[in-house]
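Undergrad: my questions are about this predicted structure, shown below with the sequence.
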Amino acid sequence: MTADKSGWVIGKVLDAQVAARGDARFIQFEDEPALTFRGFDQHCNRAGNAFAAIGVGFDEPVAVMLNNRLECLWTWIGLSRIGAVHVGINTAYKGAFLTHVLTNTGARYGVVEREFLPWLADIEETAPDLATVYVPGPPLSPDDVPAFQRIQVRHFDELMDAPDTAIAGDITYRDTGMIMFTSGTTGPSKGVLMPHGHLYLFGLGMQSHMRMTEDDRYYICMPLFHAQGILMQFYAILIAGGSAVLAKQFRATSWIDEVRHHEATLTNLLGVMNDFVLRQPAKPSDKDNKLRMISAVPVTEETLAALRERFDVPKFNELFGMTECNLPIIRPYDAPDEAGCSGKVWDEHFEVIIADPETDDELPVGEVGEILIRPKQAYCFMQGYNGMEERTVETWRNLWFHSGDAGRMDERRYVWYIDRIKDTIRRRGENISSYEVEAVLLEHPAVAEAAAVAVKADEGGEDEVLACLVLKPDADPPAPDAVLDFCTPRMPYFAVPRYVEYLDDIPKTPSAKIQKNKLRDRGLSAAVWDRETAGYKVKRT
């Protein structure tokens, strides 16, 4: 049955909440004063009016590279109200990673944290479309701004000088609201075209399955450039009419103290965050909190039991989702907590099958295969990869979206996630493109061939990056730490390999394709160099 999606637009959702509870507390950044729904809406309108005044048009992308701060949300909703497109950029991106996002979208305008301006200056010549960036925070000083040749740097307060008058316009659920970049395997990261209906359904999935109400308070410490932070938490609590606290970042040492301080009833933990929280020294006050539910993905039986016992949290949520395909599998609220079970197919909005990865034929109940998804609601799924038509068609072969993940479905239509099928690496909650890591490694003057593969980490069910390198015959072998010194200014900190191994050759198929499965299966040999054992520290800036 087709849902009424006429109100599935972020600006319309905010308008409805302003009308219903305009003067109620809505959101605050850390310990700063809270904004009401009405006050938050006024900031969004200022941003929208300002972007329209400088010439940002309908369907035009605007690059946003910010730490968690309210300006990020004002920018998104302001852009949405004029029909423009928010392009959230991972705040660790630099070098070729950052160049690719900017050239793929062709953004003319950006909103950028001042600490990232040097990275932007480094790639100015390779991002010719970007003309002006706005920087939030304290007033800019000459020391804050690198010597750009072309890009103009202005302060975000100039945007906030615009009027807060309501913005006329009929933006629909069919219009593109965001582009988010997700890691590639055989190519660079892909910009996912996300219509407003798709964005709304992320929030609705969380709101409905966690039964959020206006009495709930969400503690949001995940980055807003990911769907987890901006859609599954912020948008969800907006739909519910509750309130939120936005933290700059996740801090394991003070996580439960901040949850308690802000009287949060809901929060999310992802991957290794669970382990980081549990590693902190236990305190008598750990149970002193108002949490009624945590969305923790993924968790083992041991981790689930430890979180429940230590923090006295009565209920947990698990799910399976991707930027492209939304949240097709979520645990129903009344279902028992089963560690490792992603939940039940959300049949109202999605079809899901487990299929043979080679043939796409559906497998019998209980057998392991690839998780394939397609939507039942129009414009509630990605509309393709920006400028990458071939990748879009490849992902949608046989009219199913191919997740690249293995799972099994039981007789209840509950899905159990098993592992990845494709060559994506996941570390510290970030998907890493092996292709992009290899591209940087191949720039090293001594490297002839490179393969970046995942090896299992000791914690959180996540990965570490192993770089397998074949050196040029006439090259002097570089020290492994020198290879990492080369990588660090050219890629995000989380993508820098932990392990380096020099090989005489890398296994390949007859068609010369690298056989990464063989490199993964062999694991770590005695010849591998480990940066943690060596005491090497990767700098984030």
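TA: Looks like it arrived, so ask away.
Undergrad: give me the neighbour count for Lys539.
TA: As a burial measure, Lys539 scores 9 neighbours (other CB atoms under 10 Å). For the C-beta atoms, the positions are set from N, CA and C on the backbone; glycine is no exception.
Undergrad: show me what contacts it?
TA: By CB atoms under 8 Å, 6 or more residues apart in numbering, Lys539 lies in contact with 488, 493.
Undergrad: ok, now how distant is it from Leu484?
TA: Distance of Lys539 to Leu484, computed by CB to CB, to the nearest Å: 10 Å.
Undergrad: so Val85 bridges to which residues?
TA: Applying DSSP bridges to Val85 yields these beta-bridge partners: Pro61.
Undergrad: tally of neighbours for it?
TA: Val85, neighbours per other CB under 10 Å, totals 23.
Undergrad: I figured it hits Val64, correct?
TA: No: using CB atoms under 8 Å as the test, Val85 is too far from Val64 to be in contact (10.2 Å).
Undergrad: quick one: contacts for the residue positioned nearest the centre of the chain?
TA: By CA atoms, centre = their mean, the chain has its centre lying nearest to His226, at 2.6 Å. Contacts for His226 (CB under 8 Å, 6+ apart) come out as 88, 180, 429.
Undergrad: ok, those residues vs Glu389, which is closest?
TA: Met180 (18.2 Å; CB to CB).
Undergrad: quick one: the helix ranked longest in the chain to chain centroid distance?
TA: As assigned by DSSP state H, the longest helix anywhere in the chain is helix 37-53. Mean-position distance between helix 37-53 and its chain equals 25 Å (CA atoms, centre = their mean, to the nearest Å).
Undergrad: residues of it that come out buried?
TA: 37-52 (16 or more other CB atoms under 10 Å).
Undergrad: closest to Gly387 among the residues you listed?
TA: Phe51 (22.6 Å).
Undergrad: was I right about the closest one contacting Pro61?
TA: No: Phe51 is beyond contact range of Pro61, at 11.7 Å (criterion: CB under 8 Å).
Undergrad: shared neighbours of those two, which are they?
TA: Ala84.
Undergrad: tell me the contacts of the residue nearest to Ala450 when sequence neighbours are not counted?
TA: Spatial nearest neighbour of Ala450, excluding adjacent residues (CB to CB, 6 or more residues apart in numbering): Leu441 at 3.8 Å. By CB under 8 Å, 6+ apart, Leu441 lies in contact with 447, 450, 452, 467, 469, 483, 487.
Undergrad: distance of Leu79 relative to Met232?
TA: In terms of CB to CB, Leu79 sits 20 Å off from Met232.
Undergrad: Ala482 now?
TA: Counting by CB to CB - Ala482 and Met232 are separated by 41 Å.
Undergrad: list the contacts of the residue nearest to Ala240 when sequence neighbours are not counted.
TA: Spatial nearest neighbour of Ala240, excluding adjacent residues (CB to CB, 6+ apart): Met212 at 3.7 Å. Met212 sits next to 206, 218, 236-237, 239-240, 242, 266 when contact means CB under 8 Å, 6+ apart.
Undergrad: just to check, Val299 is in contact with Glu338?
TA: No: Val299 is not in contact with Glu338 according to CB under 8 Å; the separation is 10.0 Å.
Undergrad: more neighbours: the two, which one.
TA: Neighbour totals were compared for Val299 and Glu338, and Val299 leads with 24 against 16 (other CB under 10 Å).
Undergrad: what does the pLDDT read for that one?
TA: For Val299, the pLDDT comes out at 84.
Undergrad: tell me the SS of Ala96?
TA: helix (DSSP: H, G, I helix; E, B strand; the rest coil).
Undergrad: residues near it, how many?
TA: Counted with other CB under 10 Å, Ala96 comes out at 16.
Undergrad: contacting residues for it?
TA: With CB under 8 Å, 6+ apart, Ala96 has these contacts: 436, 439-440, 490-491.
Undergrad: give me the pLDDT for it.
TA: Predicted confidence (pLDDT) for Ala96: 90.
Undergrad: then Glu115?
TA: At Glu115, pLDDT is 96.
Undergrad: separation between it and Asp15?
TA: Glu115 sits 34 Å away from Asp15, going by CB to CB.
Undergrad: beta partners for Thr176?
TA: Pro195.
Undergrad: confirm for me that it is in contact with Met194.
TA: Yes: the pair Thr176 / Met194 is scored as a contact, 6.7 Å apart, by CB under 8 Å.
Undergrad: the more surrounded of these two?
TA: When Thr176 and Met194 are compared for neighbours, Met194 comes out ahead with 25 against 22, by other CB under 10 Å.
Undergrad: any idea how far the closest residue to that one other than its chain neighbours is from Thr105?
TA: Excluding its sequence neighbours, the residue lying closest to Met194 (CB to CB, 6+ apart) is Met178, at 4.3 Å. Counting by CB to CB, the gap from Met178 to Thr105 is 11 Å.
Undergrad: residue ranges with poor pLDDT in the stretch 351-500 of the chain?
TA: 422-424, 457-461 (pLDDT under 70).
Undergrad: which residue of this structure sits farthest from its center?
TA: Max radial position in the chain (CA atoms, centre = their mean) goes to Asp474, at 41.5 Å.
Undergrad: show me the contacts for that one.
TA: Counted by CB under 8 Å, 6+ apart, Asp474 has zero contacts.
Undergrad: assign it to helix, strand or coil.
TA: coil.
Undergrad: the more surrounded of Leu79 and Met232?
TA: Leu79 (29 against 25).
Undergrad: please name the nearest non-neighbouring residue to that one.
TA: His86 (5.1 Å).
Undergrad: what's the pLDDT at the one you found?
TA: Per the predicted model, pLDDT is 98 at His86.
Undergrad: if I look at it, how far off is Val111?
TA: His86 is 9 Å from Val111, by CB to CB.
Undergrad: ok, Asp175 next?
TA: Taken as CB to CB, the span from Asp175 to Val111 is 20 Å.
Undergrad: which residues does Gln149 contact?
TA: Gln149 neighbours (CB under 8 Å, 6+ apart): 124-125.
Undergrad: model confidence for it, exactly?
TA: On the pLDDT scale, Gln149 gets 95.
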